[in-house]
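> Quick check, what structure comes out for this input:
(one chain, ligands or ions: 1)
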Amino acid sequence: AKRIVIKVGTSTLTHSTGKLNLLRIEKLARELSDLANQGKQILLVSSGAVGAGMDRLGLKEKPKTIPEKQAAAAVGQGILLHIYEKMFGEYGQIVAQVLLTRADSVNRKRYTNSRNTLMALLNQGVIPIINENDAVAIDELKIGDNDTLSAMVASIIDADLLIILSDIEGVYTANPQTDPSATLLSEITDITPAVEELAGGPGTARGTGGMYTKIQAAKIAVNSGVTMVIASGGREGAVREIVQGKNVGTIFISK
Ligand code: ADP
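Numbering: from 1, shown residues only. Sure, this is the predicted structure:
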């Protein structure tokens, strides 16, 4: 794999206190910088802006109104980028902030423009750090979750691989939080309605999409010729091992 999109969820980036998990972010920055040093083109889709903003603003609960949530996102996005800039910078790696909205993937002119910008960044060895433009995106016109956003990005730039890092090893035969007998599926070749059934609703309190949006993302990825892997963000070296072709998490192979 040459061009790789990595998505990290809130549950990977934050502690249960809601504060950013700096050690996790630091290890991710090191691992991705190392791949870039090996000639890989890396794009990072990162959640965590609303959480970082809530923390800075001293909010204990998720804001209830849309403007308040968007305000938290606006505060948090800057904090998040500052941390990435600092940590990737330690390894001599240049990052860029790219905030997208749904229109950037459906409107042909905007699609081409997003693609061109991302390609220009990759050609200069820059790691784009991508998020939905939560501060201004209107609810009805939103992509809504970063699993879907990461699959759209992978499709826009013809990625070879999409890696979604979550708080769980991969897709299980049922939600392991409610069914202790659930087992890990290491490969999914066909996204049948039965597979979609496995996902259930959103998982953790801090995460948003649960397994459902990840399987929807897999559909987009596989249909665009992108192989996708879901793995645990807590597992050290997961990204490196996946890129080496090791059997980690759940793989959806594109046909
Ligand atoms: P993230 O913040 O990484 O996107 P989420 O909390 O949104 O993470 O999604 C992961 C969660 O989805 C898991 O922790 C689990 O509780 C839930 N889940 C539901 N069904 C399944 C399943 N079949 N296999 C694995 N996880 C599942």
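
> from here on, contacts and neighbour counts on C-alpha atoms
Will do.

> and the gap between Gly234 and the ligand?
Relative to the ligand, Gly234 is positioned 10 Å away (Cα to the nearest ligand atom, to the nearest Å).

> quick one, strands of the stretch 1-150 of the chain?
3-8, 41-46, 95-100, 127-132 (DSSP state E, counting those that start in this stretch).

> Please report the number of neighbouring residues for the closest residue to the ligand within the stretch 51-200 of the chain.
Proximity of the stretch 51-200 of the chain to the ligand (Cα to the nearest ligand atom) peaks at Ser166, 3.3 Å away. Counted with other Cα atoms under 10 Å, the neighbours of Ser166 add up to 24.

> The least confident helix or strand in the chain by mean pLDDT: how far from the chain's middle?
Of the helices and strands making up the chain, the lowest-confidence element is helix 103-106, at a mean of 80, by mean pLDDT, DSSP states H and E. Put simply, helix 103-106 sits 18 Å off its chain's centre (Cα atoms, centre = their mean, to the nearest Å).

> do stretch 65-81 as well
Relative to its chain's centre, stretch 65-81 lies at 18 Å (Cα atoms, centre = their mean).

> elements contacting the biggest helix by length in the chain?
When the chain is parsed with DSSP state H, its longest helix is helix 66-90. Using 3 or more Cα pairs under 8 Å, 6 or more residues apart in numbering; DSSP states H and E, the elements in contact with helix 66-90 are helix 22-37, helix 49-57, strand 95-100.

> That one vs strand 41-46, what angle?
Put simply, helix 66-90 runs at 140 degrees to strand 41-46, going by axes from the mean of the first three to the mean of the last three Cα atoms, to 10 degrees.

> any residues touching helix 66-90, and which ones?
With Cα atoms under 8 Å, 6 or more residues apart in numbering as the test, helix 66-90 has contacts from 25-26, 29-30, 33, 48-54, 56-57, 62-63, 94-95, 97, 129, 134-136.

> Taking these, please make a PyMOL selection of just the buried ones.
Remark: buried members of those, expressed as a PyMOL selection using 16 or more other Cα atoms under 10 Å:
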select buried, resi 25+26+29+30+33+48+49+50+51+52+53+54+94+95+97+129+134+135
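
> pLDDT score for the residue of the chain most remote from its centre?
Relative to the centre of the chain, the most outlying C-alpha is that of Ser181, 27.8 Å out, by Cα atoms, centre = their mean. Note for Ser181: predicted pLDDT of 94.

> For it, which three-state class applies?
coil (DSSP: H, G, I helix; E, B strand; the rest coil).

> where's it relative to Thr10, distance?
Distance, Ser181 to Thr10, using Cα to Cα, to the nearest Å: 26 Å.

> Neighbours of Lys19, how many?
16.

> Then Asp167?
Asp167 is flanked by 21 other residues according to other Cα under 10 Å.

> Equivalent analysis for Asn116, please.
Residues lying near Asn116 (other Cα under 10 Å) number 14.

> can you tell me which residues contact it?
Asn116 neighbours (Cα under 8 Å, 6+ apart): none.

> related to what we said a few turns ago, take the strands of the stretch 1-150 of the chain and lay them out in TSV including mean pLDDT and distance to Ala71.
TSV is the format used below for the strands of the stretch 1-150 of the chain (pLDDT from 0 to 100; distance: least, Cα to Cα, whole Å):
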stretch	mean pLDDT	distance to Ala71
strand 3-8	98	22
strand 41-46	98	18
strand 95-100	96	15
strand 127-132	96	14
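
> For those strands, give me JSON lines that also has distance to the ligand.
Formatted as JSON lines, those follow (distance: least, Cα to the nearest ligand atom, whole Å):
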{"stretch": "strand 3-8", "distance to the ligand": "6"}
{"stretch": "strand 41-46", "distance to the ligand": "10"}
{"stretch": "strand 95-100", "distance to the ligand": "18"}
{"stretch": "strand 127-132", "distance to the ligand": "13"}
